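A.B. asks: need a 3D model of the following:
(chains A and B)
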Amino acid sequence: MNQIVNDPDYVVEDMLKGFIKANGNLIAATKDDKVLKYVNTPIKEKVGIVTGGGSGHKPAFIGYIGENMCDAVAVGQIFSSPTAKSFYNAMVEADAGRGVACLYGNYAGDNMNVKMAIRRAEKDGITVKTVVANDDCASAPKTEREKRRGVAGEVLMWKVGGAKAAMGADLDAVIAAAQKAIDNTRSVGVGVAPCTIPAVGHANFEIADGTMEVGIGHHGEPGVKVEKLKTADEIAQEMLDIILPDLPFVAGDEVVVLLSGLGATPVMEQYIVYNRVEEILKENGILVYKAYVGNYFTSLDMKGVTLTVMKLDKELKECIDMPADSTGLKQR
Amino acid sequence: MIKDKEAGFVVIDLVKVIRDNKDFLSEIDGKIGDGDHGINMNKGFTLCEEKLKGKEFGLSEGLSALSETLQEDIGGSMGPLYGAFFGEMAFAAKEVISPEVFGEMLGNGIAAIEDIGSAKRGDKTLLDTLLPAKEAYHAALEAGKDFAEALEALKKAALDGWKSTENMIARIGRASRLGERSKGVLDAGATSCYLLLTSMAQSFQRLL
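C.D. replies: Now for the predicted structure:
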């Protein structure tokens, strides 16, 4: 396994140093070396937006720190939740007196650490409310939505929450908008080759040549179904067959589509899939209002894609249209 | 009689057992998890050892240091879970660790895990090691066994509890996403928990 690292046990620390150096116009270090913030944060009169999660998902999570996006991010080890202390420190950094919206994904470790961080922040008089992303259709049945994990739909949740906060909304309105965003968002992933945690050094699950895993997780969790590898067009169809009935999305809906590579999938392949995704949506009378295609939420060097679709209303459209400046998402 | 201030080495033994089993824990975790359990646990426990190096410390101070390190520096799921467990154990410790005091330490530690997480018995987690171990320990004391015998009962139940996770379907955490596919593999958290409980019981037995 060829990797470009120094000490594989310290890839996160080494990456953060480089990330701060390369993005001085956007990113500032804090007293906690596992918390980064937007250079202008805290922003007067604005609700703070905090997120955090394990590393290995570049550009998530730190790539979404920036103007009209996230204010502060807690960074964990590879695929491992940040500490409660770092979540707490991120909340303190982001708070400008109007409270903090902590928008994160549904994973056991993150849930526990955020819970502990909020207890501590509340003792300091900081009001923190949360939205827990659970957009991955494949991770649990619809009747158990509270068990579903958060995946690439988190990017749209941050976009909407960040925009709403930048418009001057209060904490409850920011939380309501972010919750609405995730409630109207569905995702599914397909993996065609596994990923390797640098310190482990070998892939910890297999995807046999010529097969694919439908419903693959963002942490190398095997998918829920193994199938013979299909064509890009067939994969687009299979993913939409899972996503569309789940919300459901119906004719006349306007949607945002986010198609993300999982780390080692050429962007070319992502566009090949996107081509068919948009055609199928069109055939179903669903209009793509905006599309994001690229490596928005990855899983180290996993090969595969995740497809995310968000149904829009007027408020969500306004939030999606808002300009944003972060390393992972720039929009005029 | 076990005195708190003479039992600091129990914590160093915990560090050792995690270090010695680092690869084993990662291997088990790799089957239905992401394969880093041993790496993260070893990182936290080693960091704690470094913080304690050259210091005089008793059991409760050692456990507090371990709790703080896990909660503040490790994160993941195991940081808060083991952090809360050892933190409450440290808090419940008294100058003399009697069989009853240890029973309370164990009980409070487990209660903290149940408070911070939401797992129940049978969900294929570290609770499947902890709960039977605690029950066997108390049952032994109630049956008139002494401290060392009760710890022996605890070790046996911890082993059986750990092994019982093999045939469970994970209902919480990352492995729960696999449903039926999580069956036939031991739970990584239950494994490290078995190692830690057994180590602790053995260290105590040496003092008795």
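A.B. asks: going forward, measure contacts and count neighbours with C-alpha atoms only.
C.D. replies: OK.
A.B. asks: for the stretch 201-332 of chain A, what lies in contact range of chain B?
C.D. replies: Remark: the part of the stretch 201-332 of chain A in contact with chain B comprises A:204-205, A:219-224, using CA under 8 Å from any CA of the partner chain.
A.B. asks: in the longest helix along chain B, what's buried?
C.D. replies: Longest helix of chain B, by residue count under DSSP state H: helix B:188-207. Under the neighbour-count criterion of 16 or more other CA atoms under 10 Å in any protein chain shown, helix B:188-207 has B:188-204 buried.
A.B. asks: before we move on, what about stretch A:324-332?
C.D. replies: A:324-329.
A.B. asks: ditto for stretch A:30-47
C.D. replies: Quick answer for stretch A:30-47 (16+ other CA under 10 Å): A:34-39, A:41-43, A:45-47.
A.B. asks: identify the farthest-apart pair in the residues you listed.
C.D. replies: A:Lys34 and A:Glu45 (25.6 Å; CA to CA).
A.B. asks: quick one, what contacts residue 149?
C.D. replies: Using chain A. A:105-107, A:133-136, A:139 (CA atoms under 8 Å, 6 or more residues apart in numbering or on different chains).
A.B. asks: was after chain B, sorry
C.D. replies: B:Ala140.
A.B. asks: give me the element it is part of.
C.D. replies: helix B:147-164 (DSSP states H and E).
A.B. asks: any buried residues in that helix, and which?
C.D. replies: B:147-148, B:150-164.
A.B. asks: check stretch A:14-31 too.
C.D. replies: A:16, A:19-20, A:26-29.
A.B. asks: what about that stretch, average pLDDT?
C.D. replies: The average pLDDT within stretch A:14-31 is 98.
A.B. asks: that one close to chain B?
C.D. replies: No: for stretch A:14-31, no contact with chain B is found by CA under 8 Å from any CA; the gap never falls below 14.0 Å.
A.B. asks: assign residue 125 to helix, strand or coil.
C.D. replies: Using chain A here. coil (DSSP: H, G, I helix; E, B strand; the rest coil).
A.B. asks: hmm, no, I was thinking of chain B.
C.D. replies: Applying three-state DSSP: B:Thr125 is coil.
A.B. asks: ok, now A:Val257?
C.D. replies: Applying three-state DSSP: A:Val257 is strand.
A.B. asks: before we move on, what about A:Val309?
C.D. replies: strand.
A.B. asks: A:Met322: neighbouring residues, count only.
C.D. replies: When neighbours are counted by other CA atoms under 10 Å in any protein chain shown, A:Met322 registers 18.
A.B. asks: nearest residue to it in space, please, no chain neighbours.
C.D. replies: Of all residues not flanking A:Met322 in the chain, A:Ala163 sits nearest, at 6.2 Å (CA to CA, 6 or more residues apart in numbering or on different chains).
A.B. asks: what helices and strands are in contact with whichever helix or strand that neighbour is part of?
C.D. replies: According to DSSP H and E, A:Ala163 maps onto helix A:153-166. Packed against helix A:153-166, as judged by 3 or more CA pairs under 8 Å, 6 or more residues apart in numbering or on different chains; DSSP states H and E, are the following elements: strand A:48-55, strand A:100-105, strand A:128-133, helix A:171-183, strand A:185-193, strand A:303-311, helix A:314-321.
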